[in-house]
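Enquirer: Can you look at this prediction? I've put the sequence above it.
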Amino acid sequence: MTLSRREFLVRSGCGALSVAALASGIERFSMVEGLAQGSGYKVLVCIFLGGGNDGNNLVVPLDAAGYAAYSGIRGAAGLAIAQGSLLPVTPRSIGTEFGLHPSLAAVHPLFAGGQLAVVSNVGPLIEPLLKQDYLNGAPRPYQLFSHSDQIAQWQTSISTSAAATGWGGRMADTFPVSPSGYPLIAALAGGVFTRGQSTSPVTVAPAPTPLTELLVLDGFGAAADEQARLNAMNYLRTIDLDAPLVAAASKITQQAVDIGKDFDVDPVLNTEFPATSLGNQLKQVAKLIKFNLASGVPALARQIFFCSLGGFDTHQGQVSTQASLLTQVGEGMKAFYDATVELHVQSDVTTFTLSDFGRTMQPAGSSGTVGSDHAWGNHHFVMGASVVGGDFYGIPGPNGAVFPTLQLGGPDDTDTRGRWIPTSSVDQYAFTLATWFGVDPAKLDTVFPELKNFPIRNLRFMV
Amino acid sequence: MRPVRGPKCLLRLGISLVLGAGCVTSWMVATTPAAAQSLAQPTAAEAARFLEQSTWGPTSDSISRVQLIGYERFLEEQFAAPMSSYPTLPLVPTKPADDCPARSVCRRDNYTLYPVQTRFFMNALYGNDQLRQRVAFALHQILVVSGVNIGQGYPSRFTPYLQTLDRDAFGNFRQLLYDITLNPAMGNYLDMANNKKADPNENYACEILQLFSIGLNRLNPDGSPVRDAQGQTVPTYDQTIVTAFARVFTGWTFAADQTKGITNYIDPMRVANAANHDTGQKTVLRGITLPANQTAAEDLNGGLDNIFHDPNVGPFIGRQLIQHLVTSNPSPAYIRRITRVFNNNGSGVRGDLQAVTKAILLDPEARDSASQSGRLMHPALLITSLLRAFNARSADGAGQSDGYLDPQSVSMGMDVFSPPSVFSYFSPFGGVPGTSLRGPEFGLLNTSTSLRRANFVNRLVFSRIPSNANYPFNPSGTSLDFSAVQPLAGNPQALVDALNTLMMSGRMSSGMRTAVVTAVQAVVSSNPLKRVRTAVYLVATSSQNQVER
């Protein structure tokens, strides 16, 4: 059975176990320590926007021609955001103004402050793809425009076939295992992103559940008969493993019991978080970071967190739904950034968004019920003090810029509804983050098996 | 809604088990080799196993019943059992009136899913039509409407959807597709309501193809993917077909208001304005065209026929029904046998769900425990199985549970009738971590929920869910009744053997039996209730119990 981190420290400290028995543990322990000393602490936080966030209303061109193209397509149906209410930003390398969705007021200052960047028209690709290639039937990700498949492609960074592991899990696989068995990836929500070949995430409840109550088995007192019951329960997890589903379920429970022992304090944050679904998830992430730094034995040098917020599948009623959800996203992200400042880790923590897909530039329906349908390329946020913020990133498209041409049937459109063909791939987006995170370069091709199809690997939005 | 009762002689058998601690009745025999099984006279363990697949959990009565009449007659009884149903509720204004404040009974019954969720658990705990409820819930997980969106999160709007599933569970799949397509809650959920020619909405078109009928890839009758010359899977459709079906489904809106100003979520959707339907020609699946100038109803029926007759429906739907009832990993041969029944029930009828259900449950692979890896119980089934095994009672033991169990299920990751999206509570394609096997329910099992499962068991076994007269959500509470097994507490081996049959259909290993018996023996014999609780806790929390196989 795996030692808890505290047991490990106590036992190794007092020499209760023989050196031989500890040898393998010490070796791994040292690797973690060495990593921590060698390259500092680094954390990636993924926020998944479930349902497909409409990037076309996340970031809107504000220059006269750009806004006219935008409102020309979306205005009549009632899906265009008024020019005056968009929150202006000026990407350094573009020079003309863009506007963020008005519900993003909380994070808006971070763009000019240099802690927030936009990666533009990114999505699953097998290889770089121009419109003519697309129309000629060049290889493209399987089952475009389907929720489940595009979710999988974003989270696995594999677009040729369904994959069982995510790029978060595969990144985690490349780092040494903590002697406690505490995985460096934690899930606040479900998703294949967190699953590796050898890594299983610890899944925890969001705030306000205290860390001390996260993984606790109720109902065992000190009485001999209750301890006998506990012993039997522990034993049952170690037998009948020839039945694969039984073995898998027992392994998950075993991991929960092992890790649960470690959470013996509930760190306090001064930063206020909104009491929303995402706010509570990000608050728990901040608390887990503080716990790791203050109480982790040993502190993990790398951590990955996965959060998720659903509801973005706005075929109808998009105007109010997306506004409400993006308020939650903006306020949650800003509180989380503030918490990283409070913990002095704002340069060590990078937060980024993923989503099923972008949505059609052409509206679906009109007036009060207007929405948009499933599409492809999308715009995403990256946040943190190690982000080279204040700019838009990506591979320039047919118009020479990273931002697509907002034209139905235009050079970036798959058809006539404004489904943008991505110019940057999930692989490039993920690789840029993984490189900053310090994944062994020799292992990056294993983590991102399709990256080899792209001549440019790093999108350069990280320091 | 009384549980199925066996004749008195069999009831006595159950009692003799309890009273005659130490004497071996057929009820207590752990396992019988598969080869010796007979469809006509199942052992108690075999009957329990059949009931794990066909009901919301075996009870001593239902085990006796299956032993008495056999699988086939039990199924016939189930097919004929009157529906438990979900009563139609009055439609209400979108915004609650002032005299319907938060935390009131009015708010509870009209603006939350409380009435349908509690009804679900009451039906599962006490209803006679166990198999219908089980199949209807499986169909809910395939043809999903979720209460998460405000539009259909009102119980009065949700019940017609549940009534449709109940009514069509043993009917024809084509009828189910039709009824679901025109169900107003579905119309709201996937935006088919008010889908107009001018700007067709693709949502329903996407999901009826991908999730409700044929799936994304061409399948062989045994469920395996068709491969092209390059070994690649073959898509069943592309975006042009989604667009075509979006046009097929134009023109429908809610039925006329029953009460002016309150949208009609009771009656099927209708065509109010024929001009909203796109009458152009459409090319649908397999190159078939729906001619121009058809009415909305003609196009709808033509489109649904086109989907229904796709050869993918049998393996796509059949495999999922097998997964929900029997095993996460059916063999290709099992799927092929079910596809054959879906395609033709023996009387030339395609899509007969009653015949499909029967074939799934009587299949040799379902009846032979050695041939399959089983299926992890989802939280709702975990709850009902534990409660049904021990005579689900109110908190004071005097009456029935109030059925307010959804919060328990939520804590384990499953909010009944409110899955996160149209992709349901978990994916039928989901894998078992660390293996190449499928295990859809593992989508809800993680470090957090695995302990919550144990803590739920702890709460019910060692305590109860109390009633609370001051808060109208749990008027009666819920508790377990161990009176039937408590007389066995003096003989830990007999106690554990009885639980092995009732809770684990006899699949407990000798190692597990020894461990549980040892823990029971650690409790003083003068405390029989704690002995029983110890044993039930250990069995109910074990992976060996939660994986039904």
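Expert: Good, I have the coordinates.
Enquirer: The closest residue to residue B:182 other than its chain neighbours: what's it in contact with?
Expert: Across the structure, with CB to CB, 6 or more residues apart in numbering or on different chains as the measure, the residue nearest residue B:182 apart from its sequence neighbours is residue B:268 (4.0 Å). All C-beta atoms are positioned from the backbone trio N, CA, C, and that covers glycine. Going by CB atoms under 8 Å, 6 or more residues apart in numbering or on different chains, residue B:268 touches B:179, B:182, B:183, B:184, B:255.
Enquirer: In terms of secondary structure, what does the helix ranked longest in chain B contact?
Expert: Longest helix in chain B by number of residues, with DSSP state H as the criterion: helix B:60-80. Contacts of helix B:60-80 with other secondary structure elements, assessed using 3 or more CB pairs under 8 Å, 6 or more residues apart in numbering or on different chains; DSSP states H and E, are made with helix B:8-19, helix B:44-54, helix B:130-142, helix B:353-362, helix B:492-504.
Enquirer: Now tabulate those in CSV and tack on mean neighbour count and mean pLDDT.
Expert: Formatted as CSV, the entries for the helices and strands packed on helix B:60-80 read as follows, by neighbours: other CB atoms under 10 Å in any protein chain shown; pLDDT from 0 to 100:
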stretch, mean neighbour count, mean pLDDT
helix B:8-19, 15, 34
helix B:44-54, 26, 97
helix B:130-142, 24, 98
helix B:353-362, 21, 98
helix B:492-504, 25, 98
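Enquirer: Indicate which one of these is closest to chain A.
Expert: The closest of those to chain A is helix B:492-504. By CB to the nearest CB, the value is 11.0 Å.
Enquirer: Please report the distance of the spatially most central residue of chain B from residue B:388.
Expert: In chain B, the C-alpha closest to the average C-alpha coordinate belongs to residue B:137, at a distance of 3.2 Å (CA atoms, centre = their mean). Counting by CB to CB, to the nearest Å, the gap from residue B:137 to residue B:388 is 15 Å.
Enquirer: Surely residue B:204 touches residue B:250?
Expert: No: under the criterion of CB atoms under 8 Å, residue B:204 is not in contact with residue B:250, lying 10.3 Å apart.
Enquirer: Just the C-alphas of whatever helix or strand comes next after the longest helix of chain B, formatted as PDB.
Expert: With elements assigned by DSSP states H and E, the helix or strand that comes after helix B:60-80 is helix B:105-111. These are the backbone C-alpha positions of helix B:105-111, laid out as PDB (Å, rounded to 0.1, in the frame of the first residue of the first chain):
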ATOM      1  CA  VAL B 105     -44.700  23.300  -0.900                       C
ATOM      2  CA  CYS B 106     -46.100  25.300  -3.900                       C
ATOM      3  CA  ARG B 107     -42.600  26.100  -5.100                       C
ATOM      4  CA  ARG B 108     -41.400  22.500  -4.400                       C
ATOM      5  CA  ASP B 109     -44.200  20.900  -6.400                       C
ATOM      6  CA  ASN B 110     -44.400  23.300  -9.300                       C
ATOM      7  CA  TYR B 111     -41.000  24.800  -9.900                       C
END
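Enquirer: Which strands and helices lie in contact with the next helix or strand after helix B:105-111?
Expert: The first helix or strand that comes after helix B:105-111 along the chain, using DSSP H and E, is helix B:114-126. Packed against helix B:114-126 by the contact rule (3+ CB pairs under 8 Å, 6+ apart) you find helix B:105-111, helix B:130-142, helix B:155-168, helix B:379-389, helix B:406-411.
Enquirer: and residue B:537, how far is that from chain A?
Expert: According to CB to the nearest CB, to the nearest Å, residue B:537 stands 7 Å off from chain A.
Enquirer: now the strands for chain A?
Expert: Along chain A, counting by DSSP state E, strands occupy A:42-49, A:59-61, A:87-89, A:98-100, A:116-123, A:185-187, A:202-203, A:302-309, A:349-355, A:359-364, A:371-374, A:378-383, A:392-393, A:424-425.
Enquirer: Please tell me I have it right and residue A:265 contacts residue A:296.
Expert: No: counting by CB under 8 Å, residue A:296 is not a contact partner of residue A:265; they are 10.7 Å apart.
Enquirer: Same drill for these two, tell me which one is more crowded.
Expert: Residue environment comparison for residue A:265 versus residue A:296 gives the larger neighbour count to residue A:296, 19 against 13, counting by other CB atoms under 10 Å in any protein chain shown.
Enquirer: Just the closest residue of the stretch 251-400 of chain A to chain B, please.
Expert: Across the stretch 251-400 of chain A, the shortest distance to chain B (CB to the nearest CB) belongs to residue A:256, at 3.7 Å.
Enquirer: Take the helices and strands packed on helix B:60-80 and lay them out in TSV including distance to residue A:309.
Expert: Output for the helices and strands packed on helix B:60-80, formatted as TSV (distance: least, CB to CB, whole Å):
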stretch	distance to residue A:309
helix B:8-19	50
helix B:44-54	37
helix B:130-142	23
helix B:353-362	37
helix B:492-504	39
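Enquirer: where in chain B is pLDDT low?
Expert: Counting by pLDDT under 70, the low-confidence segments of chain B come to B:1-40, B:150.
Enquirer: Pretty sure residue A:285 sits against residue A:304.
Expert: No: the criterion here is CB under 8 Å, and residue A:285 misses it with residue A:304 at 10.2 Å.
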